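> Sharing a model prediction with you, sequence too.
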Amino acid sequence: MAGTLNGSVLGVAALAVALANGAWFFSRMQRVALPQNRIAHELAWALALALGVAAFVSGTGWLGGVPAALGAFVGGFMLLMRLGSPQAKQAPAVRLGAPILDFVAPDENGAPFRLASLAGKPFLLKFFRGHW
């Protein structure tokens, strides 16, 4: 009985760590405020995975097994995604103050727009990057 109770506590802790870290990570991602060094997030995902596995090793019933499985799955999945797809650090293609590279893209009506058409005129060019 004591092992089942300890396993249930570990399972709930695994899910709590995974959910808290997920909320922290995704809220920072939406604000484009993720730190360059993400070791704290990675350690939290690893902790959720370890707590979930420890819950099953110590013996847990379904009450602790469900959160343990979810916490371990989320922690393991996020670690695999992070370790499996690191972003390469590259030198920027354009330096501050350097001439911008010309490109053609569809405008709001679907017609081709060439950046060179704005040569000699002041303009603001804004890009949005996705987080997927």
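Arrived safely, thanks for sending.
> Can you show me the helices along the chain?
For the chain, the helices defined by DSSP state H cover 2-30, 39-58, 62-84.
> how about those helices in a markdown table, adding mean pLDDT?
Shown next, in a markdown table, are these (pLDDT from 0 to 100):
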| stretch | mean pLDDT |
| --- | --- |
| helix 2-30 | 85 |
| helix 39-58 | 91 |
| helix 62-84 | 89 |
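> among those, which is nearest Arg114?
Closest approach to Arg114 among the helices of the chain is made by helix 2-30 (32.8 Å; CB to CB). Where C-beta positions appear, they are placed from N, C-alpha and C, glycine not excepted.
> Mind giving me the packing neighbours of that closest one?
helix 39-58, helix 62-84 (3 or more CB pairs under 8 Å, 6 or more residues apart in numbering; DSSP states H and E).
> okay, these in CSV with distance to Pro106 next?
Formatted as CSV, the helices and strands packed on helix 2-30 follow (distance: least, CB to CB, whole Å):
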stretch, distance to Pro106
helix 39-58, 37
helix 62-84, 32
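> Thanks a lot, see you next time.
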